[in-house]
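Peer 1: fold the following and give me the result.
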Amino acid sequence: MKLVTFRVGLITLLAGGLIAICSSPAVAQDAAATYKAKCAMCHGPDGKGSAMGVKMGTHDLTSDDVQKQTDAQLTETITKGKGKMPAYDGKLKDTEIKDLVAYIRGLAKK
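Peer 2: As a prediction, this is how the structure comes out:
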């Protein structure tokens, strides 16, 4: 009985890992698409700000000021909005916001 339980647990663990590995590129593509649709107009494709965004005072997402914020702070800014930035609560799912935060972190590395 213990052997069967062990095997079921091992298979479940392996299947979960395989799903996570296979879905990672899809999540990155989804975050990029969300960023392009919702953020790039003001923040620019590279996060440094579009011409219009710079005129509006948009923050450079690659800057130390933005990157030193915690994930919770970035999540709150996206969810509730800040200054001229609109709130995305109810417009984006929690997972989409979490993926956007990860995407923003990646912009600093490019």
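
Peer 1: where along the chain do the helices fall?
Peer 2: 2-38, 40-43, 51-56, 64-67, 71-80, 94-107 (DSSP state H).

Peer 1: who are the packing partners of the last one?
Peer 2: This means helix 94-107. helix 2-38, helix 71-80 (3 or more CB pairs under 8 Å, 6 or more residues apart in numbering; DSSP states H and E). Just so you know, the C-beta spots here come from the backbone N, C-alpha and C atoms, and that holds for glycine as well.

Peer 1: can you list contacts of the shortest one?
Peer 2: So that's helix 71-80. Val66, Gln69, Met85, Ala87, Tyr88, Asp89, Leu92, Ile97, Lys98, Leu100, Val101, Ile104 (CB atoms under 8 Å, 6 or more residues apart in numbering).

Peer 1: just the buried residues of those residues.
Peer 2: Buried members of the contacts of helix 71-80, counted by 16 or more other CB atoms under 10 Å: Val66, Gln69, Met85, Tyr88, Leu92, Ile97, Lys98, Leu100, Val101, Ile104.

Peer 1: hey, what's the fifth one bridged with?
Peer 2: It refers to Leu92. Asp89 (DSSP bridges).

Peer 1: that one touches Tyr35, doesn't it?
Peer 2: No - contact criterion CB atoms under 8 Å: Leu92 and Tyr35 do not qualify, at 10.9 Å.

Peer 1: by mean pLDDT, point me to the weakest helix or strand of the protein.
Peer 2: Least confident helix or strand, the chain: helix 2-38 with a mean of 60, by mean pLDDT, DSSP states H and E.
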